[in-house]
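Trainee: Below are the sequence and a predicted model for it; my questions follow.
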Amino acid sequence: MPRHMLLTGTPGCGKTTVVVSVVRLLRQTGISIFGFWTEEIQRAGERQGFAVELVNGERGVLASVERPGPPRVGRYGVDVEAVDSLVTPEIRRGLSAAESGSRVVIVMDEIGKMELLSGLFRQAALAAFDSPARCLATILARPHPYADPLRSRPDVEVVTVTRQNRQGLPRWIAERLVEG
C-alpha cells in the first residue's frame, strides 16, 4: 500500500476542507502532525490573496493582489519569503521528528504554483516524500515539471476529490495514513 497520498481536483472541489478534516481525525490518534494549508483571503466577497496556516496555528500571507511582484501568479504577488520562513521550517521539523523515530504525517496543502516558486520548499517537500514520514498533500492538477514526478512515484496514491466523494474521504484517508 502506498505510504503517501496526493489529493487533486478542480478548484473549489474541497481539497483543503478534506485536508483540515483529516488533520482533526489524526490529532485523535497520537501521531505527530506537521505541515500547512492555505486559505483564501476575502474582502467584500472578493478573493484578495491567500494565507498560509501551519498545523500549530501560526499564520502568514502567501500571496496578495496588493503585493508587488515579481514573482506573480496570476494577479497575486507571491511572498516567497513567507514560504521560506514559515512553511519550509515546519516541514523540516516534521522531517526531524520522523528521523528520530516518531510516527509523523506531514501535510502540504498545497504543492502548487505559488509554493513551488521557493527552491527551499521544493527541496523540503521532496525530502518529506523520501523520509520515514507519511505525506498528505494537495497538488496542482495540471502538468508541472516538479509535480509530475511526485504523482508517478510508486509510494504515492493519487486521489481525485470531487463534490460527490469529499464527505467520505477524510475518514478513509486518515485510516490509510495511520495503517502500517
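Mentor: Nice, thanks for sending it over. Numbers count the residues shown, from 1 in each chain.
Trainee: and Pro143, how many residues sit next to it?
Mentor: 8 (other CB atoms under 10 Å). For every residue, glycine as well, the C-beta is placed using N, CA and C.
Trainee: got a pLDDT number for it?
Mentor: Predicted confidence (pLDDT) for Pro143: 90.
Trainee: The one 5 residues further on too?
Mentor: Asp148 carries a pLDDT value of 93.
Trainee: any low-confidence regions in the chain?
Mentor: Residue ranges of the chain with pLDDT under 70: 180.
Trainee: same thing but at 80, please
Mentor: Residue ranges of the chain with pLDDT under 80: 1, 180.
Trainee: Helices of that one, start to end?
Mentor: In the chain, the helices defined using DSSP state H lie at 15-27, 80-82, 88-99, 119-130, 147-151, 169-178.
Trainee: so how far is the lengthiest strand in the chain from its chain's centroid?
Mentor: Assignment by DSSP state E gives strand 32-43 as the longest strand of the chain. Computed by CA atoms, centre = their mean, to the nearest Å, the chain-centroid distance of strand 32-43 equals 8 Å.
Trainee: helices and strands around that strand, which ones?
Mentor: For strand 32-43, the packing partners by 3 or more CB pairs under 8 Å, 6 or more residues apart in numbering; DSSP states H and E come out as helix 15-27, strand 46-54, strand 59-64, helix 88-99, strand 104-111.
Trainee: Redo the helices of the chain as JSON lines? Include distance to Arg72.
Mentor: Formatted as JSON lines, those follow (distance: least, CB to CB, whole Å):
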{"stretch": "helix 15-27", "distance to Arg72": "22"}
{"stretch": "helix 80-82", "distance to Arg72": "11"}
{"stretch": "helix 88-99", "distance to Arg72": "21"}
{"stretch": "helix 119-130", "distance to Arg72": "17"}
{"stretch": "helix 147-151", "distance to Arg72": "19"}
{"stretch": "helix 169-178", "distance to Arg72": "32"}
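Trainee: residues touching Ala133, list them.
Mentor: Residues in contact with Ala133 (CB atoms under 8 Å, 6 or more residues apart in numbering) are 34, 94-95, 97-98, 104-106.
Trainee: re earlier: pick the most buried one from the helices and strands packed on strand 32-43.
Mentor: Highest mean neighbour count of the helices and strands packed on strand 32-43: strand 104-111, a mean of 26 (counted as mean count of other CB atoms under 10 Å).
Trainee: Confirm for me that Val107 is in contact with Ala137.
Mentor: Yes - between Val107 and Ala137 there is a contact under CB atoms under 8 Å: 7.2 Å.
Trainee: For this structure, identify the residue most remote from the centre.
Mentor: Each residue of the chain has a distance to the centre, and by CA atoms, centre = their mean the biggest one is for Ala44: 26.9 Å.
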